[in-house]
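# Sequence plus predicted model, see below.
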Amino acid sequence: MNATTNPVQISVARRSAAYWRVTIDNPPINVMGPPMVQQFQELINALETDEHVKVVVFDSAVDGYFLNHSDFLARLEDLTAMPPGPTGLPQWPDFLVRLTRAPVVSIALIRGRATGNGSEITLACDMSFASREKALLSQWEVGVGMVAGGGPMARLPQLIGRNRALEVLLGSEDLRADQAEAYGYVNRALPDADLDAFVDALATRIAGFDKWAIANTKRLVNTSLPPDVELGAGWDACIASLGRPAAQENIKALLARGFHKPGDVEDRLGYYVGQLAH
């Protein structure tokens with residue numbers, strides 16, 4: 001059985017021709033399966049070809065979840081059978097690379113869990129702002145015997161330094177917004193009551209600027225990005241890791257405790273991943 005409940009899991013609201021809001025909406029816990037990956041591909045195609053859009057903000061309609069881990073109840077072959085994207089990478093890392101390189105400013109508005117895939121899209125965005133009370137970021141994969149597939153090994157060391165990146169990746173623990181801000185994982189942690197107004201004001205301000213200047217400034221800053229091949233290597237390691245007995249056993253153990261459903265395991269995933277070794 002697949003955990004997907006919404007056929008349309010990503011909706012686009014055009015606040016103006018220059019400012020788009022993209023809302024992730026796959027209740028009950030915003031997992032990402034093959035249909036959502038395909039919809040992210042449709043989104044990036046639109047962002048790359050629309051001549052007017054300058055800013056895109058990612059948010060969520062699902063309480064408690066920005067974007068969660070992958071859908072482990074979906075068929076893996078539905079994901080691996082997808083043809084590569086224009087970069088030559090599989091479709092999820094292809095989307096992330098293209099989002100970072102697109103001539104459009106991308107902003108993550110994080111309220112709730114950004115676990116695995118949610119962390120990866122945060123790292124691919126140009127800026128990220130998190131709810132101080134409600135945001136949790138996590139790269140939890142090592143804790144279940146997996147390797148992350150969306151490029152955090154390539155992106156995190158450049159963003160927060162090698163040692164802190166290893167703490168995040170190998171510790172597989174949930175990070176609250178204040179800690180993420182202190183490390184440089186997100187731009188700022190803001191009071192939840194102020195988050196929407198702050199992001200909306202910033203996005204509206206940037207959307208009023210000249211697109212050529214925005215695109216060329218971003219292009220020049222992007223000279224410091226890791227090469228695309230590093231994200232491809234991470235994806236290959238992720239898919240290989242999913243077939244390992246250790247990963248399969250740990251995921252089954254989490255499922256038996258209530259993983260993949262609303263409840264304590266999803267709410268405190270870092271804690272439960274830590275309990276697998278005991």
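It's in. Residues are numbered from 1 along each chain as shown.
# quick one: low-confidence parts of this protein?
The model of the chain has pLDDT under 70 over residues 1-5.
# which residue ranges form the strands in it?
Secondary structure of the chain (DSSP state E): strands at 10-14, 19-24, 55-60, 65-67, 105-110, 113-115, 127-131, 136-138, 175-176, 188-190.
# where do the helices sit along this protein?
34-49, 76-80, 91-101, 117-124, 152-160, 162-171, 177-183, 192-207, 211-221, 228-242, 245-257, 264-267, 269-275 (DSSP state H).
# want to throw the strands of the chain into TSV with distance to Ile251 and mean neighbour count?
For the C-beta atoms, the positions are set from N, CA and C on the backbone; glycine is no exception. Shown next, in TSV, are these (distance: least, C-beta to C-beta, whole Å; neighbours: other C-beta atoms under 10 Å):
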stretch	distance to Ile251	mean neighbour count
strand 10-14	25	14
strand 19-24	22	21
strand 55-60	24	25
strand 65-67	19	28
strand 105-110	25	25
strand 113-115	14	29
strand 127-131	27	25
strand 136-138	15	25
strand 175-176	22	20
strand 188-190	31	20
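# hang on, Pro84 packs against Pro90?
Yes: between Pro84 and Pro90 there is a contact under C-beta atoms under 8 Å: 6.0 Å.
# Name the residue in the two with the higher neighbour count.
The neighbour count for Pro84 versus Pro90, taken as other C-beta atoms under 10 Å, is higher for Pro90 (22 against 12).
# what sits against that one?
Under the criterion of C-beta atoms under 8 Å, 6 or more residues apart in numbering, the neighbours of Pro90 are Thr80, Met82, Pro84, Gly232, Trp235.
# Apply the buried test to the residues you listed and list what passes.
Buried residues within the contacts of Pro90, defined by neighbour count using 16 or more other C-beta atoms under 10 Å: Met82, Gly232, Trp235.
# Same list (those) but as a markdown table, adding distance to Gln275.
Formatted as a markdown table, the buried ones among the contacts of Pro90 follow (distance: C-beta to C-beta, whole Å):
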| residue | distance to Gln275 |
| --- | --- |
| Met82 | 34 |
| Gly232 | 33 |
| Trp235 | 28 |
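# Just give me the neighbour total for Arg75.
12.
# So it versus Ser241, what's the distance?
17 Å (C-beta to C-beta, to the nearest Å).
# what's the answer for Ala203, then?
Taking C-beta to C-beta as the measure, Ala203 falls 36 Å from Ser241.
# just Ser131 next, same as before
With the distance defined as C-beta to C-beta, Ser131 ends up 31 Å from Ser241.
# now Trp92
Distance of Trp92 to Ser241, computed by C-beta to C-beta: 15 Å.
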